[in-house]
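S.K.: With the input below, show me the fold.
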Amino acid sequence: MDKRISLQQGDITKLHVDAIVNAANSSLLGGGGVDGAIHRAGGKQILEECMQIRNRQGKCPTGEAVITSGGKLPARHVIHTVGPVWNGGKRNEASLLANCYTNSLQLAVHNGSHSIAFPNISTGIYHFPKPEAARIAADTVEAFLKQDDTLQQVIFICYDAENMELYQKLLV
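M.R.: Numbering: from 1, shown residues only. Have a look, this model is predicted:
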């Protein structure tokens, strides 16, 4: 595994990185889980910027990503990506999830980021199986880093022990 990839358990809203990734919903207006935590900790500036994006482009499609400032967060940017809802794996969920990671990494690089942190996208209320989601995340990030040397640090930050264990097994 690429040495630029690391693993932590904790709260993504506390990280001092150039960009954190938000597991957003297509409305970009906040929600539960990571999305709600980022909006609460980052303050109204993030929501206002999300509303401006929505006014320009409409909702954010699954697999795509948009960027805002970090508001009151220690991170400079928040990259909002919409993960797929798990439907048994028959609706292109794996490639849509991979797109979340790829599009977020591309946005980070395009906006001058050298460090980025990812939550466990789609594994909460969207019910993506955690082992498969972890494998897709690790494989996609590693493939991106082989093509691009801009990012110096990629953190997978796990909220729960179950995801932490899955990533520890993958990132050896």
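S.K.: Contacts for stretch 58-69, please.
M.R.: Residues outside stretch 58-69 that contact it (Cβ atoms under 8 Å, 6 or more residues apart in numbering) are 19, 21, 24, 26-28, 45-46, 49-50, 53, 57, 76-85, 95-97, 99-100, 103-104, 106-107, 111. To be clear about C-beta, it is placed using only N, CA and C from the backbone, and glycine gets the same treatment.
S.K.: can you give me the offset of that stretch from its chain's centre?
M.R.: Offset of stretch 58-69 from its chain centre (Cα atoms, centre = their mean, to the nearest Å): 11 Å.
S.K.: what secondary structure does the residue lying closest to residue 16 once chain neighbours are set aside sit in?
M.R.: Distances taken as Cβ to Cβ, 6 or more residues apart in numbering place residue 74 nearest to residue 16, at 4.5 Å, with adjacent residues excluded. Using DSSP: H, G, I helix; E, B strand; the rest coil, the structure places residue 74 in coil.
S.K.: Next, the contact list for residue 74, please.
M.R.: Neighbours of residue 74 in contact, by Cβ under 8 Å, 6+ apart: 14, 15, 16, 17.
S.K.: how near is the third one to residue 151?
M.R.: For residue 16, the distance to residue 151 equals 15 Å [Cβ to Cβ, to the nearest Å].
S.K.: For the strand or helix carrying residue 167, give the mean pLDDT please.
M.R.: Residue 167 is part of helix 161-170 when elements are defined by DSSP states H and E. The average of the pLDDT scores along helix 161-170 is 95.
S.K.: Which residues in it does the neighbour count mark as buried?
M.R.: For helix 161-170, the neighbour count (16 or more other Cβ atoms under 10 Å) marks 163, 164, 166, 167, 170 as buried.
S.K.: So the last one is in contact with residue 138, correct?
M.R.: Yes: Residue 170 is within contact range of residue 138, at 4.5 Å (criterion: Cβ atoms under 8 Å).
S.K.: re earlier: could you dump the buried residues of helix 161-170 into a markdown table with distance to residue 35 added?
M.R.: What follows is the buried residues of helix 161-170, written out as a markdown table (distance: Cβ to Cβ, whole Å):
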| residue | distance to residue 35 |
| --- | --- |
| 163 | 17 |
| 164 | 20 |
| 166 | 21 |
| 167 | 20 |
| 170 | 24 |
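S.K.: So which of those is the closest to residue 10?
M.R.: Each of those was checked against residue 10 using Cβ to Cβ; the closest is residue 164, at 9.6 Å.
S.K.: That closest one and residue 45: what is the separation?
M.R.: For residue 164, the distance to residue 45 (Cβ to Cβ) stands at 31 Å.
S.K.: and what of residue 86?
M.R.: Counting by Cβ to Cβ - residue 86 and residue 45 are separated by 32 Å.
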